[in-house]
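> Just need the structure, nothing else, for what follows:
(chains A and B)
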Amino acid sequence: MVMEFVEREKEERKMSTSELPRKEANVLKGHEGAVLAARFNSDGNYCLSCGKDRTIRLWNPHRGIHIKTYKSHGREVRDVHVTLDNSKLCSCGGDRQIFYWDVSTGRVIRKFRGHDGEVNAVKFNEYASVVVSAGYDRSLRAWDCRSHSTEPIQIIDSFLDTVMSVCLTKTEIIGGSVDGTVRTFDIRIGREISDDLGQPVNCISLSNDNNCILANCLDSTLRLLDRSTGELLQEYKGHACKSYKMDCCLTNSDAHVTGGSEDGSIFFWDLVDASVVSKFRAHSSVVTSVSYHPKDNCMITSSVDGTVRVWKT
Amino acid sequence: MDSDEEDYVFFGTPIEREEEITSRRKKAAAEASGNLRSLPPWKQEVRDEEGRRRFHGAFTGGFSAGYFNTVGTKEGWAPQSFTSSRKSRAEVKQQSIFNFLDEDEKAELEGTLGTSSQFDTFGFTAAEFARKQADKEQKQRPSAIPGPVPDELVLPASESIGVKLLLKMGWRHGRAIKDSRARSLYDARREARKAFLAFASEDVKAPYPANEPDEEPESFMAQPVDNDTRSSKSLPAFVCNPKQDLHGLGYDPFKHAPEFREKKRLHLSNDKQHGYRKAISIKDSLFGSKSGKAAPGFGIGALEEYDAEDEDIYGAGYDFEETCVEEDEEPSILSIESKQPSRLSIESKQKVVAKDQGVLPGFKVASVSDYQLERFDPPIIPKDFVPHHKFPGPLETLRKLDVPSPPEVPPPDDSNLKLLIEGVAKLVTRCGKLFEDLSRKKNQSNPLFSFLSGGDGHDYYERRLWEEHQKLGDQAKLSLDGKHSPSARKMTAEGRGKLLGEKPLDRSTKETTSSSIASREFQLQFNLSDTFKKPDSFSKLPEVAKPFKDDPAKQERFEQFLKEKYEGGLRSTGYSSASNMSEAARAREKLDFEAAAEVLEKGKWGKESMVSTQPLDFLAAGMQFTSGGLEQVKDTHAEDLVTKEKYPRREEFQWRPLPVLCKRFDLIDPFMGKPPPAPRARSKIDSLLFIPDSVKGAKPEEDAITNRDVPAAQTGAQKTIEGAAEEEIDIVAENVERPVDLYKAIFSDDSDEDEEDTITKKVEDPEKKIEVATTTLNRLIAGDFLESLGKELGFEVPPDTPYSTNKASSSAQIETPNSDAVIAKVGTVEGHRTFCAANVGTGTSLNPEQESTQGGESPKNESIPGKSVRYSSKHTDGLSENISGTVNADKFPPEDKKVRSPSSCQRNWSSSSSSEYERSRKHSRRHRYRSSDSYSDSSSDDRDRYHSRSKGKRKRSSREKSSSSRKHSKHHKHRSRDSPSRSHHGSEREHSESRKEKRKRRN
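Below is the predicted model of the structure:
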């Protein structure tokens, strides 16, 4: 599975290298203070950013327009996610709550309280029926969006340290934690698979084929894991990531791995041979988040410098 | 009533009646104590003692004050009517602070600002006050002269004689005397002398106001504050003053002369007797009242002297002096009234006081004392003692100077050796012979140091030593000449710093000899360390490969180990004390070493061709048998070596998604209809202890089961405990020896029992059926568990794939500590878990049927794509997690195995700790029930819970049961045959022990 995937990548590699988004298309300014996350929506037409100014902002990155601001959080907003149908948002942050928003009205539909600490990451599941949040309290919590209950419907507390990041597939919940593990909770078979990387995991992201997990570890290394076997497929180094929560992701073709660095530059690695394909300075400060367009060669990055930048080929 | 009120919940507002105010108060109190405590702070209300709410939010009135929480007047705030000042500019009101103050505040303010006649102790107000008082009294009293007496006629003496005196001396009302006194003291006295002379003559003629005090004692009382008026102290009113001293509050006349205090006290007691006489005798009063000033007045010359010495002419000191005189009853002094004798008497008195110091008044110092302080003479210092400490080192060197010099020897070719020799020689010279001996002993085995014991380069060493001695001797002499004690020189700051390896501060080139020595020392140290650090010097054992190159410390230990191993004899002399490693780590390392040594022996260690991962592999393989029962503390060294290999490592656990989550994810709950999951590792103990009480409803037959069923568990437990208590190696051996078919022991267990029971109960009790079904299920799970356990322990489990793959081994290795704990726990806990223990520990025959069941199950597990065999074990994860780590096998004393005879299958591990045994016996009845509980706790908890959950699914399970029960009936029989032979006592104890253990754990 992996091999064919790798083969395919090889073919595409040369072509895609030139198509890396390296040109700055837009700068989205508006956040006061650090932007902690920037996310494309599912179709890539819009993006959301959130930051230390306690707001979530909706942008059209392609036109560089600020569309809406969502204010309700009491503290910094650390992560935001939007449903597939773009109707709902969820966000989380330092106020220990998960906010469930209506996109169009900008109202908070529900607030989920229960985390005992800051909430680092939040994700909708496929049907937008569940929000899964990852918290400083070493737990993953699943919240039901359908019922009116504000109690978590599941608490996963097998982590030994802060859970930094969460990813969802159709059947699994995957969390990355500072305890160095990436834990996959397979709902279908009722298993927890723990892959210990030995280094604090900052951020995890799934490859587009869902076969691999890219984990950003605090030893300035991105690690690519094969999800089925737990093998370490590749390590990507060169950037600096020692103390910030920084996102990483794969490009939409899974040909490259991209991630920010604490010096404000963006790195592109070749997926297979882990060489730095491209590296350029994008921000004046730590790059907190990168998000790749689901279809086009477009990427948004956010930084502590308060900007969200849109990159295109 | 009160308590009732507390309990009730009140709705609405009660109608208040007068008499209810008290109850309201009570309520308020109750609320404050009980209700408010539970309320969050923002909901709590502050109420006054009447239960009224007095404090409102900032926007709803703040503190309730005045009228209806508004202001101080009924009208409320009335803004000052605006008047334009345009037309009447001149009339602009001057605002003062009083415009803004409330009445009470004004009163307060006035109070503070105003003067009070009360405190006007003299001066005109006082006089006025006195006069008024006198008037009042006059009016009240029937007087000889009817009608108001004209003021001019009857003038109350508002002024004391002192005041008069003072006034005559130039003092004015309102002026502080004290302040000016120091400055104008001399002048004032001179004035006073003159004035006194004049005044005294007057006074004699005039009726003396000594009889006045009865007229107005109060005015005197009000007046005496000033020091100068104290001259009136001899007045009776003053003598009776309960304050007992005549000074202002806080004034201490003896402040600067504490030696008089004692005397004063003595005097005071006498004063009581003398006071009377003093008061009435005119002469006394004359002198007394004026004594302050009069006495000095008698002799100017004497006064001059006195003045110069003692400032406090008006103070009590003098008065005291006078009473002393009286006390002594020396009329001569009194009459002479000369300064000198009285002072003399004071002095003599003082002497007496000094003698009696530390003696309580009324006590005498005992003339004969039992207690005598023993005194020893100080040791006599020998005449030849020189107050310099001499260190043996230099002395030695001095002595050695006489030693004939060894012949000059060329240094050895090896420059390292030369350096070393020189360094050691220098050190030995400095530190004495002792150092040489020490280092010789220490480095006996080190070929490098052979020169110490007459080996290579010994001659050179001797020579160097002599040279150094020579040198040092010279220096010592030098320094001695220069009046430096050698010891002092030796331990200079730099020297110490050097010794500690600090860098010397840069100094100017001009240095004292000591610092130059120090720097040389440093050099030496440097050289020495250089020498010692040379890794080449240790490469004397080229034939020994270094399997632990990365870790020099470990390598060292390894070499030590090898040496010991080949030398034979009792090992672990140096080895055990070698480091601060934990017991577990050491044991593990030892195993590593053994394995490595073995490999070395076989000659498998090539040059560098060996891949470094190889040792890791065998280490890993070796370790998985050995770490059982030990703490899970990871050997750091091993960790370091293995780290690279280990990550990423994969572990799998059971995880139970809640049904809702599954529903929301649109997935089928994998655990649908299964018992609720046991919480994961963190709460494993709790899960054992907080198993639903439904168990308690446990059918009576289960108790029976427990009793019969335990022996198996017991043996298992014994075995495992024993195994854990033994050394790892032993475990390995034991484990390896143990035939694989231990396995079967498991299945002979309580299934049979259940089976039997269920067969009997089958018909009448439908619930039992379900139970059986669940038992079967448990069996299956247990089978999986066993399988995995066996794998972890390295057994060949029949239906399994061989566990030789790298991954499996590594995972097994990771798991081992856990699994061992599991075994131990399983032993102490009971029920089907004992299977596992039995698996390890006992050698009963394999039950083929059970295996087939299990075999049938395991492929199913393995069929899960991409999941390793470990899945099957994880299937029972809930169990294993529960079990793991709860019992530390280390706890059991190693003597256990000695006590037990190996052949007895009834070995009871608890018997070794006899006290516990006794206890458990005493409470055997109780324990029996408890043990039955615990049995059902663990062995049937799943069942029960399942049972409770699956009531709705009875049909399904009954089907299952019908198939499974058939299967199990045989085991039952088999089991029942076995069980009667086993003791029940042991089981009880077993259980109680396990209980205790659990409780302990929980604590």
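> Show me where chain A has its helices.
A:2-17 (DSSP state H).
> residues from it in reach of chain B?
For chain A, the residues found near chain B under the criterion CB under 8 Å from any CB of the partner chain are A:125-127, A:129-130, A:142, A:144, A:146, A:153-154, A:156-158, A:170-171, A:180, A:182, A:185-199, A:223, A:225, A:228-232. Heads up, the C-betas are built off the backbone N, CA and C, glycines and all.
> from those, which ones fall inside strands?
Among the residues of chain A next to chain B, the subset assigned to strands under DSSP state E consists of A:130, A:142, A:144, A:153-154, A:156, A:182, A:185-186, A:191-196, A:223, A:225, A:232.
> The residue in the stretch 201-350 of chain B positioned nearest to chain A: neighbouring residues, count only.
Closest contact between the stretch 201-350 of chain B and chain A, by CB to the nearest CB, is at residue B:250 (59.5 Å). Using other CB atoms under 10 Å in any protein chain shown as the criterion, residue B:250 is surrounded by 5 other residues.
> May I have the secondary structure class of it?
Going by DSSP: H, G, I helix; E, B strand; the rest coil, the secondary structure assigned to residue B:250 is coil.
> Per-residue pLDDT of residue A:53, please?
At residue A:53, the predicted lDDT confidence score is 90.
> Settle this for me: residue A:197 is touching residue A:182, isn't it.
Yes - under the criterion of CB atoms under 8 Å, residue A:197 is in contact with residue A:182, at a separation of 6.6 Å.
> are any of the residues of chain A next to chain B buried, and which?
When the residues of chain A next to chain B are checked for burial by 16 or more other CB atoms under 10 Å in any protein chain shown, the buried set is A:125, A:129-130, A:142, A:144, A:153-154, A:156-158, A:171, A:180, A:182, A:185-187, A:189-199, A:223, A:225, A:229-232.
> I figured residue A:264 hits residue A:305, correct?
Yes - counting by CB under 8 Å, residue A:264 does reach residue A:305; the two are 7.4 Å apart.
> Name the residues contacting each of the two.
Shared contacts of residue A:264 and residue A:305 (CB atoms under 8 Å, 6 or more residues apart in numbering or on different chains): A:283-285.
> Most neighbours out of those residues, which is it?
Highest neighbour count within the shared contacts of residue A:264 and residue A:305, by other CB under 10 Å: residue A:283, with 24 neighbours.
> Pull the number of nearby residues for the nearest residue to residue A:133 once chain neighbours are set aside.
Closest residue in space to residue A:133, ignoring its immediate chain neighbours: residue A:122 at 4.5 Å, by CB to CB, 6 or more residues apart in numbering or on different chains. The number of residues packed near residue A:122 is 28, by other CB under 10 Å.
> Next: residue B:595.
Using other CB under 10 Å, the number of residues around residue B:595 comes to 17.
> burial measure for the closest residue in space to residue A:94 that isn't next to it in sequence, as a count.
With CB to CB, 6+ apart as the criterion, residue A:94 has its nearest non-adjacent residue at 3.3 Å, and that residue is residue A:75. Here the neighbour count serves as a burial measure; for residue A:75 (other CB under 10 Å) it reads 13.
> average pLDDT for stretch B:108-128?
Model confidence over stretch B:108-128 averages 63 on the pLDDT scale.
> Oops, could you answer that again for stretch B:135-154 instead?
For stretch B:135-154, the mean per-residue pLDDT is 62.
> cool, and stretch A:190-202?
Stretch A:190-202 shows an average pLDDT of 87 in the prediction.
> Now do the end-to-end distance for it.
Between the start and the finish of stretch A:190-202 there is a gap of 25 Å, counting by CA to CA, to the nearest Å.
> How far away from the center of its chain is that stretch?
Counting by CA atoms, centre = their mean, to the nearest Å, stretch A:190-202 is centred 17 Å from the centre of its parent chain.
> Next up, the contacts around the residue nearest to residue A:94.
Residue A:75 is in contact with A:54, A:93-95, A:118, counting by CB under 8 Å, 6+ apart.
> re earlier: give me the common contacts of residue A:197 and residue A:182.
Between them, residue A:197 and residue A:182 share the neighbouring residues A:215, A:225, B:648, with contact defined by CB under 8 Å, 6+ apart.
> Now do the contacts for the second one.
When the contact criterion is CB under 8 Å, 6+ apart, the partners of residue A:225 are A:182, A:195, A:197, A:212-215, A:231-233, B:648.
> same thing but 6 Å
In this structure, residue A:225 makes contact with A:195, A:213, judged by CB atoms under 6 Å, 6 or more residues apart in numbering or on different chains.
> swap in the last one?
Residue B:648 makes contact with A:195-197, A:230, A:232 under the criterion CB under 6 Å, 6+ apart.
> Out of those residues, which comes closest to residue A:240?
Of all the contacts of residue B:648, the one with the least separation from residue A:240 (CB to CB) is residue A:197, at 18.1 Å.
> I figured that closest one hits residue A:183, correct?
No - the pair formed by residue A:197 and residue A:183 falls short of the contact definition of CB atoms under 6 Å, at 11.0 Å.
> returning to what we had before: reformat the shared contacts of residue A:197 and residue A:182 as a markdown table; add distance to residue B:420 and pLDDT.
Shown next, in a markdown table, are the shared contacts of residue A:197 and residue A:182 (distance: CB to CB, whole Å; pLDDT from 0 to 100):
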| residue | distance to residue B:420 | pLDDT |
| --- | --- | --- |
| A:215 | 52 | 90 |
| A:225 | 53 | 88 |
| B:648 | 48 | 73 |
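> just these now: which is nearest residue B:172?
Nearest to residue B:172 among the shared contacts of residue A:197 and residue A:182 is residue A:215, at 96.2 Å by CB to CB.
> so the closest one sits right up against residue A:223, yeah?
Yes - with the criterion set as CB under 6 Å, residue A:215 and residue A:223 qualify as a contacting pair; they are 4.8 Å apart.
> Backbone dihedrals for the residue of the stretch 201-350 of chain B closest to chain A, please?
Dihedral pair for residue B:250: phi 80, psi -10, per degrees, to the nearest 10.
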